[in-house]
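A.B. asks: Quick check, what structure comes out for this input:
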Amino acid sequence: MTDTADGRTELTISAPHRELLDHVLDKWSLQVLNELCERPCRFNDLRRAIPAVTQKSLTATLRKLERNGIIERTVLSTRPVAVEYRMTSLGKTLRDPVDVLLAWAAAHMHEIDSARDRFDAL
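C.D. replies: Predicted structure coming up:
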């Protein structure tokens, strides 16, 4: 955000910010984060909790979130070896902004549905 000459605040989304938002707010990431906010999970726990996600998509999503420091991957010393995913302290800070977006969507869903209906009727 930057201030303009007339005192307004202008929202500017740079490429790195856009990329991060794409990684964090995409379809599968939000569902993975929802699961991991509650508790650490193994890969197959996440697959069961999000049945529509493919193994390939879940793997890619977990890697993106791990690369951005939102979740961490821990190899457990079990037989067979297992991997567990959990939110990092940075990842936990996403909870409030995501809750605000979800509350906004819930509060305005009727208006959004009406706008969609008007658009689709054209």
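A.B. asks: roughly how far apart are the most centrally placed residue in the chain and L21?
C.D. replies: Centroid-nearest residue in the chain, with CA atoms, centre = their mean: L30, separated by 3.2 Å. To L21, L30 is 12 Å away according to CB to CB, to the nearest Å. For glycine as for every other residue, the C-beta is placed from the backbone atoms N, C-alpha and C.
A.B. asks: Need the nearest residue in space to the residue nearest to the centre of the chain, chain neighbours excluded.
C.D. replies: Excluding the flanking residues, the one nearest L30 by CB to CB, 6 or more residues apart in numbering is V98, at 7.2 Å.
A.B. asks: ok, now how distant is that neighbour from M109?
C.D. replies: V98 is 16 Å from M109, by CB to CB.
A.B. asks: try T12
C.D. replies: Computed as CB to CB, the T12 to M109 distance reads 28 Å.
A.B. asks: need the helices for this structure, in chain order.
C.D. replies: Taking DSSP state H as the criterion, the chain contains helices spanning 15-24, 27-38, 43-49, 55-67, 89-92, 95-121.
A.B. asks: among the ones you listed, which is the most enclosed?
C.D. replies: Most buried of the helices of the chain, by mean neighbour count (mean count of other CB atoms under 10 Å): helix 27-38, with a mean of 18.
A.B. asks: how far is that helix from where the chain is centred?
C.D. replies: Distance of helix 27-38 from the chain centroid (CA atoms, centre = their mean, to the nearest Å) equals 6 Å.
A.B. asks: got the angle for that helix vs helix 15-24?
C.D. replies: Between helix 27-38 and helix 15-24, the angle comes out at 70 degrees (axes from the mean of the first three to the mean of the last three CA atoms, to 10 degrees).
A.B. asks: And for helix 27-38, what's in contact with it?
C.D. replies: 23-24, 41, 45-46, 49-50, 53, 57-58, 61-62, 64-65, 70-71, 85-87, 91-92, 94-95, 98 (CB atoms under 8 Å, 6 or more residues apart in numbering).
A.B. asks: Let me have the helices of the chain in JSON lines, extended by distance to R79 and mean pLDDT.
C.D. replies: Below are these laid out as JSON lines (distance: least, CB to CB, whole Å; pLDDT from 0 to 100):
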{"stretch": "helix 15-24", "distance to R79": "34", "mean pLDDT": "86"}
{"stretch": "helix 27-38", "distance to R79": "25", "mean pLDDT": "93"}
{"stretch": "helix 43-49", "distance to R79": "16", "mean pLDDT": "95"}
{"stretch": "helix 55-67", "distance to R79": "22", "mean pLDDT": "96"}
{"stretch": "helix 89-92", "distance to R79": "29", "mean pLDDT": "95"}
{"stretch": "helix 95-121", "distance to R79": "35", "mean pLDDT": "94"}
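A.B. asks: Thanks again, I'm all set now.
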